[in-house]
Structures are given as structure tokens and as C-alpha cells.
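Student: Could you look at this predicted model? Sequence included:
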Amino acid sequence: MKNLKFYAILVITCLLVYFPILGHDFQLNWDDNWQVMNHYTEAGFTWHNLQAVFSEFYYGQFSPINEAVYMAIYAVFGYNPAIYHLYSLLLHIANTCMVFIFINILAKILSNQMQHRTSTLVAFLTSLLFAIHPLQVESVAWISASKIPLYTFFTLLALLAYIRYVRTQSIFLIFGIFVLFVCAFGSKEQSIVLPATLLLLDWALGRHRKPDGTGNWLYLLSEKLPFIAFAVFAGLYSLSQQNAAWIDQAAGYPFRQRLVFACYSLVVYAGRLVAPAHLLYLYPFPISPGDVLPARYFIYPVIVATAVYLLCIRLKSIPRPVIFGLLFFLINMALMLHFIPMSRVMVTADRYVYLASIGVFFVAAWYALPWLQEMFASSKKWILAIAICYLFYLGGYAHVRTYVWSDSDTLKAGFWEQIFVD
């Protein structure tokens with residue numbers, strides 16, 4: 001099998017980093033007690049129960065596909081936490097392998113000059129970062145967050161199928177992609193941005209221009225109309241079913257404050273992706289609705305505006321893979337940046353960056369690999385040693401952090417002390 005050694009390394013690495021979660025308990029004081037252990041799970045696969053699962057928002061949550069998996073696990077194993085954790089881990093391993101496939105294809109397409117081996121190494125480094133980064137721990141180690149690896153699984157399948165569709169123009173494939181989109185939404189509402197990701201993929205694949213050089217966006221938009229219509233309907237319906245009290249609280253932040261929160265979130269997520277440290281299970285809003293935002297937070301819009309300006313003036317010289325990676329990150333983070341009031345009690349959350357991080361890791365791998373190869377050629381092997389130490393830091397931190405998610409006591413131990421210190 002082609003690239004078998006890379007798949008083997010990725011799978012083994014995931015197992016080494018995350019195997020402690022197989023001995024973890026449920027988070028009985030942090031959502032598992034109602035998201036996993038509920039009357040839907042226990043009622044089994046009856047018509048009435050399935051109808052309820054696929055039509056009701058439970059505590060403002062809608063993830064019937066994931067709930068159906070919980071039901072299947074319960075039917076065979078009962079409330080055995082090891083099996084639920086194994087489910088999350090297998091999803092993460094599958095997603096890591098699909099990231100490798102997806103980026104390997106993209107790297108070749110976005111740079112015609114890139115050699116096959118180089119594109120494979122870029123894909124391997126991207127998927128390795130995705131596999132071991134500490135920000136991924138929450139999505140893998142917390143059973144209630146398994147909906148995020150699940151929606152990512154369907155999204156990555158849809159993206160790979162879309163690349164195949166572009167090559168074959170098979171109507172059956174486009175129908176299959178739509179089904180995968182519906183399944184992704186049935187796993188996590190955050191997936192409704194898929195049509196925008198498909199349009200970004202059109203740009204990466206060169207479909208935005210016809211052979212004669214004229215624009216092709218109108219056709220591409222019309223091709224996505226069923227996806228866009230479903231996304232709009234699903235998004236509005238989901239928003240209408242959110243917890244009213246939390247929505248009112250979020251709406252209590254005026255738009256100018258939510259704009260600051262969006263900039264703050266972007267900068268913080270970028271910082272955590274580069275140098276993860278002091279990670280928590282909960283990052284509350286810095287103020288309550290109606291309070292005055294501390295002046296120090298206004299530095300974040302300045303940072304974001306400066307970064308956007310620098311990117312714009314250098315746009316023509318920025319490699320296409322870098323543009324793709326940054327836009328992939330922004331598109332898949334868009335709903336989590338507080339522009340729209342949602343029933344969320346945290347300003348940021350590690351799990352929200354699970355899928356979006358692929359874009360940042362792609363950019364990092366795109367720049368890092370040629371640079372490391374150059375350092376190796378110039379005998380500056382100490383730089384390679386630093387890079388390897390950085391990867392061990394990420395994997396080691398992720399491994400240690402899995403123990404934090406052992407149960408609710410270990411998860412919340414020392415949380416308030418860290419909050420006050422920070």
C-alpha cells in the first residue's frame with residue numbers, strides 16, 4: 001500500500017499520545033451526565049425514540065448521528081466509558097489519516113513544481129501536527145465532544161469526495177456529498193460552513209476560471225445552491241432552538257464588544273496553536289454583559305487589522321497554499337467568533353479549533369519543510385533537533401493533558417486558581 005509507513009506512524013503516534021483515555025471515567029459533572037447518559041441512549045432503537053432523536057433539540061444541542069452512536073454502544077456495552085472513549089479515539093485516528101490524504105492531494109495541486117515526495121512530507125507533517133497537538137485533546141478525551149471528531153469525519157469525507165467529483169463530474173458523487181453534508185450537520189451544527197469550504201476548494205482546484213480565463217463563480221454558486229439552501233435553513237433553525245437565556249446573555253454584549261471578542265479569539269487561537277500552554281477546560285468571557293470592557297482588550301483588533309493589512313499588501317507574493325490554509329482556518333472558525341450571539345458560556349474553547357486547525361498546520365508545514373530541508377543540507381542539524389524537540393513537546397503535552405480529563409475531579413482541580421493567576 002502506498003505511503004503505508006506514514007499511515008503506520010500516524011496511527012501509532014495517536015495511540016501513544018491518547019491511550020490513557022481508555023481508562024478514563026465519564027465527566028459526570030461536565031455534560032456527559034446528560035449528553036451521553038440520557039433517556040435517548042437508554043430507550044434504544046425504537047421508531048418513537050429515533051424520531052425524537054432526529055427532531056428534538058436537547059438542551060439546545062442537535063447531534064442525532066452522534067446520539068445514535070451512543071445508543072448503539074449502550075445497546076451492546078452499556079455505560080462502559082472505555083468503549084465511548086475508544087469511539088472518540090478511532091474517529092481521531094481516521095480523521096488524521098484523511099487529513100494526510102487530503103493535504104497530499106492539495107499540495108500537489110496548489111504547487112505544480114512540488115515534487116511528489118515533498119508534497120507527501122508536507123501532508124505527513126500537517127497530519128502529524130493535527131494528530132498530536134494539545135488543543136485536540138479536549139475533542140478526543142471528552143466523550144461529550146465526540147460530535148466534533150464525528151462532524152470532522154463527514155466533512156473530510158465530503159471534501160475528498162468533492163475532489164473526486166471535480167475530476168469525474170459524477171451526479172452520484174454530488175448527491176453523496178450532499179448526504180455527507182447532512183450527516184455532518186447531524187453530528188454538529190458548526191458544519192454548516194461546508195458550502196464556503198467547497199467554494200474555497202473550487203478556487204484551489206482552479207475551477208473559478210473557465211478555460212478562456214473568464215470568471216466562473218456564478219456557475220459554481222448555482223452548483224452549490226442545494227448546499228447553501230440547506231445551510232441557511234439548518235443554521236436559522238439551529239439558532240432558533242438555542243437556549244433562550246444564554247442567547248439573551250450573549251446578545252447583552254453589544255456588537256462592538258463582540259467584534260473585540262472575535263479579534264481576541266483569533267489571536268488567542270493562533271497563539272495556542274503555535275505555543276500551547278496553560279490550557280483549561282473552560283475559558284469564560286472576561287466580563288459580564290453590560291460591563292465595560294478593559295482597555296487592554298482593544299489591542300486585539302489592532303493586531304488583527306495589522307495582520308490583515310500586511311497580508312493584503314503582500315497578497316500577490318503569498319503562495320496559494322498559504323492563502324488556502326488561512327482561509328480554511330477562518331471559514332471553519334467563523335461561527336465561533338461571536339459575531340452572531342449563540343448559547344455559549346465561553347469566549348474560546350479548544351474543541352472549536354479541531355477542524356479549522358488543519359489550515360494553520362498546512363501553512364506551518366508548507367513553510368517549515370523546505371526550511372528544514374535547507375538547514376539539513378547546510379549541516380545545521382541542531383535546528384532539526386529543535387524542531388524534533390518541539391514536536392515532542394506538543395505530543396508530550398497532549399499526552400499529559402489526557403490525564404487531566406480522567407474524571408470531573410481531575411478536570412476541575414486547580415481551575416479557579418489558574419484563572420485567578422492568569
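Tutor: That came through fine.
Student: what sits against residue 260?
Tutor: 293, 297, 298, 300, 301 (Cβ atoms under 8 Å, 6 or more residues apart in numbering). Every C-beta, even on glycine, is put in place using the N, C-alpha and C of the backbone.
Student: Please repeat the previous calculation with a cut-off of 6 Å.
Tutor: Taking Cβ atoms under 6 Å, 6 or more residues apart in numbering as the criterion, residue 260 is in contact with residue 297.
Student: cool, the one 10 residues further on as well?
Tutor: Applying Cβ under 6 Å, 6+ apart, we find residue 270 in contact with no residue.
Student: And the pLDDT for it?
Tutor: At residue 270, the model reports a pLDDT of 94.
Student: how near is it to residue 287?
Tutor: 22 Å (Cβ to Cβ, to the nearest Å).
Student: how about the nearest residue to the spatially most central residue of the chain, chain neighbours excluded?
Tutor: Nearest to the geometric centre of the chain sits residue 355, at 1.9 Å (Cα atoms, centre = their mean). Leaving aside its chain neighbours, residue 355 sits nearest to residue 152 (4.6 Å; criterion: Cβ to Cβ, 6 or more residues apart in numbering).
Student: next one: residue 68
Tutor: Leaving out its chain neighbours, the residue that sits closest to residue 68 by Cβ to Cβ, 6+ apart is residue 53, at 6.6 Å.
Student: Provide the backbone phi and psi angles at the one you found.
Tutor: The phi/psi pair for residue 53 (degrees, to the nearest 10) reads phi -60, psi -40.
Student: to the chain's geometric centre, what's the distance from the helix or strand residue 108 falls within?
Tutor: Element membership for residue 108 (DSSP states H and E) is helix 81-110. On the basis of Cα atoms, centre = their mean, to the nearest Å, helix 81-110 sits 11 Å off its chain's mean C-alpha point.
Student: Counting by contacts, list what that helix packs against.
Tutor: Contact partners of helix 81-110 among helices and strands, from 3 or more Cβ pairs under 6 Å, 6 or more residues apart in numbering; DSSP states H and E: helix 4-18, helix 64-77, helix 116-132, helix 147-168.
Student: for that helix, which positions count as buried?
Tutor: Using 16 or more other Cβ atoms under 10 Å as the test for burial, helix 81-110 gives 81, 84-85, 87-89, 91-110.
Student: got the angle for that helix vs helix 4-18?
Tutor: If you take axes from the mean of the first three to the mean of the last three Cα atoms, to 10 degrees, helix 81-110 sits at 140 degrees to helix 4-18.
Student: now helix 81-110 and helix 64-77, what's the angle there?
Tutor: Going by the same axes, to 10 degrees, helix 81-110 makes 140 degrees with helix 64-77.
Student: average pLDDT across helix 81-110?
Tutor: Here helix 81-110 scores 95 as its mean pLDDT.
Student: try stretch 54-71
Tutor: pLDDT averaged over stretch 54-71 gives 89.
Student: Could you do stretch 331-349 as well?
Tutor: 84.
Student: Could you check it and say which residues are buried?
Tutor: 331-338, 341-344, 347-349.
Student: Pick out the most distant pair among those.
Tutor: The most widely separated members of these are 331 and 343, with 21.9 Å between them, by Cβ to Cβ.
Student: Which stretches in the stretch 201-350 of the chain count as helices?
Tutor: Counting by DSSP state H, counting those that start in this stretch, the stretch 201-350 of the chain has these helices, from start to end: 217-223, 225-240, 244-251, 255-274, 299-313, 320-333.
Student: how about the ones you listed, which one is nearest residue 182?
Tutor: helix 225-240 (7.1 Å).
Student: Name the SS class of residue 187, please.
Tutor: coil (DSSP: H, G, I helix; E, B strand; the rest coil).
Student: Just confirm it contacts residue 147, I think it does.
Tutor: Yes. In terms of Cβ atoms under 6 Å, residue 187 counts as a neighbour of residue 147; the distance is 5.2 Å.
Student: which residues do those two both contact?
Tutor: Contact criterion Cβ under 6 Å, 6+ apart; residues shared by residue 187 and residue 147: 63, 66.
Student: how about the helices and strands packed on helix 81-110 in JSON lines, adding distance to residue 38 and mean neighbour count?
Tutor: JSON lines is the format used below for the helices and strands packed on helix 81-110 (distance: least, Cβ to Cβ, whole Å; neighbours: other Cβ atoms under 10 Å):
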{"stretch": "helix 4-18", "distance to residue 38": "25", "mean neighbour count": "16"}
{"stretch": "helix 64-77", "distance to residue 38": "8", "mean neighbour count": "19"}
{"stretch": "helix 116-132", "distance to residue 38": "31", "mean neighbour count": "22"}
{"stretch": "helix 147-168", "distance to residue 38": "14", "mean neighbour count": "21"}
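Student: Of the helices of the stretch 201-350 of the chain, which stretch is the most buried?
Tutor: helix 320-333 (a mean of 20; mean count of other Cβ atoms under 10 Å).
Student: Does anything pack onto that one? Which helices or strands?
Tutor: Helix 320-333 packs on helix 194-204, helix 357-377, going by 3+ Cβ pairs under 6 Å, 6+ apart.
Student: which residues sit against that helix?
Tutor: By Cβ under 6 Å, 6+ apart, helix 320-333 touches 110, 193, 196-197, 200, 204, 355-356, 359-360, 362-363, 366.
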